[in-house]
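> Okay, predicted coordinates and the sequence, questions at the end:
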Amino acid sequence: MRILVTGGCGFIGSALVLHLVGTLGHEVLTLDALTYAANPVSLAPLADDPRHRLVEADICDAGAVQAAFAAFAPQAVMHLAAESHVDRSISEPGAFVRTNVIGTQVMLEAARAHYESLSGPDRRAFRFLHVSTDEVYGSLPPGGFFTEASRYDPRSPYSASKAASDHLARAWHETYGLPVLVTNCSNNYGPRHFPEKLIPLMILNALEGWPLPVYGDGLNERDWIHVEDHARGLVAVLERGRVGETYLLGGRAVRSNLAVVEALCAACDVLRPAGAPHARLITFVADRPGHDRRYAIDPGKAQAELGWAPEKRFEAALAETVGWYLDNAAWWRPIREGRYKGERLGLGAAP
Ligand code: NAD
């Protein structure tokens, strides 16, 4: 199958492209603007693979997007390209509206034109999978879970821009008949995660002896899914999901931020003993404005309809992730030291 993947040089996109090409043998065109969040090194295992091609293009550039559709004639689109970091959305919301809203509209329009040019089995098989986040649903009360019926209540510029993109994707299905599927997933972790996000930031700060800045009281809860479980879930939705439907994907691993940091400190204590426990580095810092208290997913619909389930167990897979960062300093050190894209990351960033 020929699949056009946007954002394939990012964290989830690269795991997905490696799975689609390396494991499943699909042909993939990765369309990515190579923003600060991209790391093409993540796709190095496919460097000589004729089934993969990388096109550097902005999803807001309609001409470039249309050219990619014309050249590749995809049988499916998996749309992941986005600005994805909540803290950046608070300081630079414009970039989030541009890429996540306008960029999604450009992708939908190009896909619609392409879909309308298809006939027969190609037309019947075509799918546009829009990849989104559970953050569009806002904050849950204690013990609650999101389902596909949850009300949209985005509270950050990031989640508001993703909510807008979800509505556009559904509108292109209802209005134009584009065969759209939408997924909303919980927080991902795993290898090749850009070190401004909670888990890689804390792992690298712990390994380098820096403070581990935890927002507020550390009791905000997130539902963690391993990025490879997410990639398999996206493929399950693409292959077996019902057109027009939404599927929630989550890892059934709800943990407080503090519990996550304590677990990765414990893994660092085993894999890189430092004399004193790494947890001594935990430092509580002022809370993020509008910080949602709890996200948690009920993935029951995806499990029942698609036969998909998260396989990784959180604490064990988190320790594997710490091991990956220990073994792959060549991937993250240029980013930490600002030798990559010229931006030095603050060591005090957060989830
Ligand atoms: P990421 O920030 O790691 O990667 C985003 C990728 O998109 C990068 O390669 C970047 O270069 C590319 N990109 C950004 N703007 C672009 C543009 N204008 N044109 C083309 N490419 C552009 O993000 P991620 O964490 O891999 O998330 C991927 C998708 O999954 C996003 O849509 C995000 O909203 C969604 N999601 C993420 C999580 C999570 O925990 N990370 C959870 C649920 C859903």
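Cool, got the structure. Numbering: from 1, shown residues only.

> Number of residues surrounding A330?
Neighbours of A330 under the rule other CB atoms under 10 Å: 8. (Each C-beta comes from the backbone N, C-alpha and C, glycine too.)

> I should have written L140 there, sorry.
21.

> and N100, what is it in contact with?
A82, E83, Y158, S161, K162, A164, S165 (CB atoms under 8 Å, 6 or more residues apart in numbering).

> and the third one, what does it touch?
Contacts here follow CB under 8 Å, 6+ apart; on that basis Y158 touches E83, S84, H85, V86, R88, S89, F96, N100, E135.

> For these, work out which two are farthest apart.
Within the contacts of Y158, R88 and E135 form the most distant pair, 13.9 Å apart (CB to CB).

> These two: which is more packed in?
E135 (25 against 18).

> Quick check: the gap between that one and E239.
26 Å (CB to CB, to the nearest Å).

> what does R313 give?
25 Å.

> One more: I59?
24 Å.

> who's more crowded, those two?
Higher neighbour count among I59 and E239: I59, with 26 against 13, using other CB under 10 Å.

> pretty sure that one contacts T99?
Yes. If you go by CB atoms under 8 Å, I59 and T99 touch, sitting 6.7 Å apart.

> list residues touching both of the two?
With CB under 8 Å, 6+ apart as the test, I59 and T99 both reach A81.

> Spell out which residues belonging to the stretch 151-300 of the chain are near the ligand, please.
The stretch 151-300 of the chain comes close to the ligand at residues K162, C185, N187, N188, F194, as judged by CB under 6 Å from any ligand atom.

> Out of the residues you listed, grab the one that's most surrounded.
K162 (28 neighbours).

> In which helix or strand does that residue reside?
Applying DSSP states H and E as the criterion places K162 in helix 157-176.

> which residues of the stretch 101-250 of the chain fall in strands?
127-133, 180-185, 187-189, 212-215, 221-226, 246-249 (DSSP state E, counting those that start in this stretch).

> which strands and helices sit next to the last one?
The reference is to strand 246-249. strand 180-185, helix 227-240, helix 300-306 (3 or more CB pairs under 8 Å, 6 or more residues apart in numbering; DSSP states H and E).

> So what's the gap between it and the chain middle?
Put simply, strand 246-249 sits 14 Å off its chain's centre (CA atoms, centre = their mean, to the nearest Å).

> Who are the packing partners of the helix or strand following that strand?
For strand 246-249, the following helix or strand on the C-terminal side (DSSP H and E) is strand 254-256. When contacts are defined as 3+ CB pairs under 8 Å, 6+ apart, strand 254-256 sits against strand 221-226.

> For the strand it packs on, which helices and strands make contact with it?
Using 3+ CB pairs under 8 Å, 6+ apart: strand 221-226 touches strand 187-189, strand 254-256, helix 257-271.
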